[in-house]
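let me see the structure of the following:
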Amino acid sequence: MDGLMVRKAVAGDREAILKVTLGAYQEYAAVMQPLYWRLYRENITTTLADISSAEQIVAESGGQVVGSVLLYPVGAVLGSPGSRRPGLRWPEIRLLAVAPQARGQGIGKALVEACIEHARSAGAGAVTLHTNDMMEAASRLYKRMGFTRKPELDFSPRPGVVIKGYRFQVD
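Okay, the predicted model is just below:
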C-alpha cells in the first residue's frame, strides 16, 4: 500500500485503535452466539484499555490508523486471571486488526512483519499467535507468511472451542 507507515502507537491513537479493532472483529458477531460475541467484544475492549507490557504497533495511511496489533514479550501472562496459562516462552502476536475498508492492501502482512522484526531484534528465536477456524483470512495470511501449526500451544476457553497455536521461527 502506497503511503503506509507502520509505527509504534502513541497515546493519541487509542480511540482509533479501538475503533479499527472492533470494526475488524465485528464480522465474527454473525457467527458467534450473542453471549459469546458480547464477552469477546468486552475482552477486546478490556485488553486494549490496558495493554500492560505489550508493544502496540499501528499502520497509518493518509493520517488515519488503518490497522493495529499487539506484541506481548516473553514472560507475559495472557488470559483471564486464574486461567493458569504459563508465561509466554516466545513473543506473541495478539489482536491483529485491519479496518474493513482497508483490507487486501498488505496492511496485515506489514503489521505481522513488524512484529517478527521486533522479536528478531529482541533476540527471540520464534514468535507465536493464536487464532481459530472462524478467522479464515487471518489463518491464510499466517500460513502464507510461514507460521506453522503447533497443537501443543492450543487452548480451550470453553467446551467445543479450540484456539489454535501457531509459531514462526525467527532464527
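
C-alpha only now, for contacts and for neighbours.
OK.

please pull out the lowest mean pLDDT helix or strand from the chain.
None of the helices or strands of the chain scores lower by mean pLDDT, DSSP states H and E than strand 155-158, at a mean of 84.

so what touches that strand?
With Cα atoms under 8 Å, 6 or more residues apart in numbering as the contact definition, strand 155-158 has outside contacts at 162, 163, 164, 165.

out of those residues, which is nearest to residue 55?
residue 165 (20.0 Å; Cα to Cα).

what's the distance between the closest one and residue 89?
13 Å (Cα to Cα, to the nearest Å).

higher neighbour count, these two?
More crowded of residue 165 and residue 89, by other Cα atoms under 10 Å: residue 165, with 19 against 16.

gap between the helix or strand hosting that one and the chain center?
Using DSSP states H and E, residue 165 sits within strand 161-169. Put simply, strand 161-169 sits 12 Å off its chain's centre (Cα atoms, centre = their mean, to the nearest Å).

just stretch 158-171 next, same as before
12 Å.

which parts of it are buried?
Buried residues in stretch 158-171, counted by 16 or more other Cα atoms under 10 Å: 162, 163, 164, 165, 166, 167, 168.

make TSV out of these and add pLDDT and distance to residue 68.
Below are the buried residues of stretch 158-171 laid out as TSV (pLDDT from 0 to 100; distance: Cα to Cα, whole Å):
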residue	pLDDT	distance to residue 68
162	89	24
163	91	21
164	93	21
165	94	20
166	97	19
167	97	20
168	98	19
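
please identify which of those is nearest to residue 107.
For the buried residues of stretch 158-171, the nearest to residue 107 is residue 168 (18.6 Å; Cα to Cα).

partner residues bridging that closest one?
Applying DSSP bridges to residue 168 gives these bridge partners: residue 127.

which residues in the protein form strands?
Secondary structure of the chain (DSSP state E): strands located at 5-8, 55-61, 64-72, 92-98, 126-131, 148-149, 155-158, 161-169.

out of those strands, nearest to residue 36?
Closest approach to residue 36 among those (Cα to Cα): strand 155-158, 10.1 Å.

CA atoms only for the closest one - export them in PDB, please.
Extracted in PDB, the C-alpha atoms of strand 155-158 (Å, rounded to 0.1, in the frame of the first residue of the first chain):
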ATOM      1  CA  PHE A 155      -6.100 -23.900  24.500                       C
ATOM      2  CA  SER A 156      -9.800 -24.100  25.000                       C
ATOM      3  CA  PRO A 157     -11.600 -21.100  26.600                       C
ATOM      4  CA  ARG A 158     -14.900 -23.100  26.800                       C
END
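
follow-up on the earlier one: can you name every helix or strand that the strand holding residue 165 contacts?
strand 126-131, strand 148-149, strand 155-158 (3 or more Cα pairs under 8 Å, 6 or more residues apart in numbering; DSSP states H and E).
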